[in-house]
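for reference, the sequence and a predicted model appear below.
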Amino acid sequence: GEQVEQLPSSLIVQEGASVLINCSYTDSASVYFPWYKQEPGKRLQFIIDIRSNMERKQNQRLTLLFDKKTKHLSLHITATQPGDSAIYFCSATNSGTYQRFGTGTKLQVVP
Amino acid sequence: GGIITQTPKFLIGQEGQKLTLKCQQNFNHDTMYWYRQDSGKGLRLIYYSITENDLQKGDLSEGYDASREKKSSFSLTVTSAQKNEMAVFLCASRTGRSAETLYFGSGTRLTVL
């Protein structure tokens, strides 16, 4: 079945820096890739997604890049703020019924 | 807007005990999920249900049962709690259309003594 890997597992950056979170998947039938964020003590919430017919998607300070050939995604967060501190999860689905999640990246933004 | 409510928020059990976690959603979503979240392992799917009375096993279904008697509710039973087990169980839902995002509950934190 689908395997979703995420790196790094954690990172600490200074406020204002940019970060890159990498995600790779194995199932070439996967076509939809939503990302979620889990702030401390809060529920997971959707932040950005991309479909396999796209290469790039931007939502304010978030940019998601997709390479179908290498089965790789990158989430780029610019101008980080302490409020960006959270665990970020990538996921993949083949438009079937459920999403498989990566292991998560814990981001800590320090002032 | 809708919400997913999970009860209880915290659950403490004894080894071998049967424990039930509940989830309610008022989105009128068709599909509901139970994921287990362990530190460093991400979210792993236990069970899902695409409609009332439907149950589908996920990657981690052994040791669990599930029930979807109403569209709005989905319960998960730990059939025999394992000593020193600690995890967070997350309920989620989405509409019946394919490739839609998930909405999550706030989780049930399980501790087994």
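The structure has been received and is ready for your questions. Residues are numbered from 1 along each chain as shown, chains lettered A, B, ... in the order given.

what does the pLDDT read for the residue nearest the centre of chain B?
Note on chain B: the residue nearest the mean C-alpha position is B:Trp34, at 2.9 Å, using Cα atoms, centre = their mean. Looking at B:Trp34, its pLDDT reads 98.

got it, and B:Met86?
The model's pLDDT for B:Met86 equals 88.

what about it, neighbour count?
Neighbours of B:Met86 under the rule other Cβ atoms under 10 Å in any protein chain shown: 11. C-betas here are computed from N, CA, C, even on glycine.

got it, and A:Trp35?
22.

I'd say it and A:Lys57 touch.
No. In terms of Cβ atoms under 8 Å, A:Trp35 does not count as a neighbour of A:Lys57; the distance is 10.1 Å.

any common contacting residues for the two?
Common neighbours of A:Trp35 and A:Lys57 (criterion: Cβ atoms under 8 Å, 6 or more residues apart in numbering or on different chains): A:48-49, A:64.

from these, which are also near chain B?
A:Asp49 (Cβ under 8 Å from any Cβ of the partner chain).

which of the shared contacts of A:Trp35 and A:Lys57 lies closest to B:Thr79?
Comparing the shared contacts of A:Trp35 and A:Lys57 against B:Thr79 with Cβ to Cβ places A:Asp49 closest, at 35.0 Å.

what's the pLDDT at that closest one?
95.

now it: how far from A:Val4?
Distance, A:Asp49 to A:Val4, using Cβ to Cβ, to the nearest Å: 14 Å.

do the same with B:Gly107
For B:Gly107, the distance to A:Val4 - Cβ to Cβ - is 20 Å.

same question for B:Ser75.
Counting by Cβ to Cβ - B:Ser75 and A:Val4 are separated by 27 Å.

quick one, which of the two is more surrounded?
Each of B:Ser75 and A:Val4 has its neighbours counted (other Cβ under 10 Å); A:Val4 has more, 24 against 18.

A:Thr93 is in contact with the more buried one, correct?
No. If you go by Cβ under 8 Å, A:Val4 and A:Thr93 don't touch, sitting 10.1 Å apart.

what's the overlap in contacts for these two?
Common neighbours of A:Val4 and A:Thr93 (Cβ under 8 Å, 6+ apart) are A:Arg100.
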